[in-house]
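[1] I would like to see how this sequence folds:
(chains A and B)
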Amino acid sequence: MTLDELDPVIHAQSRLRVMAVLAALDDGDRLTFTRLQQLLGMTAGNLSTHLRKLEDAQYVVVEKTFAGRSPVTHVALSGRGRRAFGTYTESLEALLRGKP
Amino acid sequence: MTEWFAMQTNWSDDDSDMAADEPAADALPPGTDPEVLLTLIAAERERTRRRTAPSLAVIATAWGVAWLLGYLTLFLTFDGVTAPWWAFTVFSGLLAVAVVVTAVHTARRSAGLRGESARVGALYGWTWIVGFAAAALVFVAVARLDASPEVVAVLSNGVSCLVVGLVYMAGGMLWRERSMYLLGGWIALAAGAASLAGTPTIYLVMALAGGGGFVVAAVLDAVAAGRRRAS
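    Residues are numbered from 1 along each chain as shown, chains lettered A, B, ... in the order given. Sure, this is the predicted structure:
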């Protein structure tokens, strides 16, 4: 196992941060897009781009609903995403242990 | 490597104008140390938890100050039978401020958070309302039985604090917060013991043991949070 073999969907600094924030929530919790953006300090466009990639990999679930008349987007880690993030961190730990 | 990590922990908006596809700025530097990545993940997790969960330090400070000043006012203005109406108004006003601080702080921290945690949080809020509504009915019932001012004072304080103590203990169990559980137990026991003292000493004990208990819990929580942040 080398760094190059790590899950490329997660192994990019912005997506790693998105995954880390979502994984810090309890299972079954989701965040509004706006709050996630605020927690990460990213621009909306930047966050959307990365969320789309995570959504394509089915690591996050993006849900668009309405609160009254205004649209609200909720983002949550999927079960698959939580497992992938667990595998990613375990691989890092294994790499760390394997170091001379 | 440390430079890269410092850049990460700054969380700036530098990469705001990146292109739609994999931006060069987003690629992790080749050979990035796994340790740096694990530290980054741990820091992000700790930061997220801290920013989305209410702080016991903030809430306990609000209640500690309200109880210290409020109960001391009742104790110092006690005229032999009861405290004057305005002292009770001051006491209620201080508690109302603590309620507002708690509500605003909790709402800010949990803003945008939906799902299971939000549902549990809402149920926890209702537990307070149901507890105090039931207590208020008991107080009305006792007042109608021509109880003496001292009986009403001891009973209303004891029952209210029992609700506070038990709901805190429930919160401690829900969120696995040992300090919250211990604080609740302390409040319940302190109020029970204070009841034995009768008026007006009950108010002095409540100010020092009750209000003081909140303040001690707030300080311990702030110290623990500071230590977590530093590690």
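[2] Can you pull the residues of chain A lying near chain B?
    A:3, A:11-17, A:20-21, A:23-32, A:34-36, A:38-43, A:45-46, A:49, A:74, A:76, A:89, A:92-93, A:95-96, A:99 (CB under 8 Å from any CB of the partner chain). (Glycine included, C-beta is placed from N, CA and C.)
[3] Please, which helix or strand holds residue B:80?
    Using DSSP states H and E, residue B:80 sits in no helix or strand.
[4] Let me know how buried it is, in neighbour terms.
    Residues contacting residue B:80 under the criterion other CB atoms under 10 Å in any protein chain shown number 6.
[5] For the lengthiest helix in chain A, buried residues please.
    Counting by DSSP state H, the longest helix found in chain A is helix A:79-98. Neighbour-count burial for helix A:79-98, counted by 16 or more other CB atoms under 10 Å in any protein chain shown, picks out A:81, A:82, A:84, A:85, A:88, A:89, A:91, A:92, A:95.
[6] Please apply the same query to stretch A:46-53.
    A:46, A:47, A:48, A:49, A:50, A:51, A:53.
[7] Now find how far off-centre it is within its chain.
    Relative to its parent chain, stretch A:46-53 has a centroid offset of 10 Å by CA atoms, centre = their mean, to the nearest Å.
[8] most centrally placed residue in the chain?
    Let's take chain A. Central residue of chain A (CA atoms, centre = their mean): residue A:19, 2.5 Å from the mean position.
[9] that's the wrong chain, I wanted chain B
    residue B:59 (3.3 Å).
[10] Who are the contact partners of that residue?
    By CB atoms under 8 Å, 6 or more residues apart in numbering or on different chains, residue B:59 lies in contact with B:101, B:102, B:105, B:106, B:218.
[11] Secondary structure element for it, which one?
    Counting by DSSP H and E, the element that carries residue B:59 is helix B:56-76.
[12] Just checking, which helix or strand succeeds that helix along the chain?
    Heading C-terminal from helix B:56-76, the first helix or strand you meet, by DSSP H and E, is helix B:85-109.
[13] What segments of chain A are strands?
    Ranges of strands within chain A are A:29-32, A:60-67, A:70-77, based on DSSP state E.
[14] Any idea which of those gets closest to residue B:204?
    Among those, strand A:29-32 comes nearest to residue B:204, with 43.8 Å by CB to CB.
[15] and that closest one, C-alpha only, in CSV?
    What follows is strand A:29-32, C-alpha atoms only, in CSV (Å, rounded to 0.1, in the frame of the first residue of the first chain):
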residue,chain,number,x,y,z
ASP,A,29,-27.5,13.5,10.9
ARG,A,30,-27.3,15.9,8.0
LEU,A,31,-26.2,19.5,7.5
THR,A,32,-27.6,22.3,5.4
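[16] Show me what that strand is packed up against.
    In this structure, strand A:29-32 packs against strand A:70-77, strand B:113-115, helix B:116-143, with contacts taken as 3 or more CB pairs under 8 Å, 6 or more residues apart in numbering or on different chains; DSSP states H and E.
[17] May I see the buried residues of that strand?
    Quick answer for strand A:29-32 (16+ other CB under 10 Å): A:29, A:30, A:31, A:32.
[18] JSON lines for these, including distance to residue B:34 and pLDDT?
    What follows is the buried residues of strand A:29-32, written out as JSON lines (distance: CB to CB, whole Å; pLDDT from 0 to 100):
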{"residue": "A:29", "distance to residue B:34": "28", "pLDDT": "94"}
{"residue": "A:30", "distance to residue B:34": "29", "pLDDT": "95"}
{"residue": "A:31", "distance to residue B:34": "27", "pLDDT": "96"}
{"residue": "A:32", "distance to residue B:34": "32", "pLDDT": "96"}
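[19] Taking those together, which two end up most distant?
    Largest pairwise distance in these, by CB to CB, is 11.4 Å, between A:29 and A:32.
[20] The lowest-mean-pLDDT helix or strand in chain B: what's the following helix or strand?
    Least confident element among the helices and strands of chain B, by mean pLDDT, DSSP states H and E: helix B:2-10 (a mean of 42). Using DSSP H and E, the helix or strand that follows helix B:2-10 towards the C-terminus is helix B:34-52.
[21] Many thanks, I have nothing further to ask.
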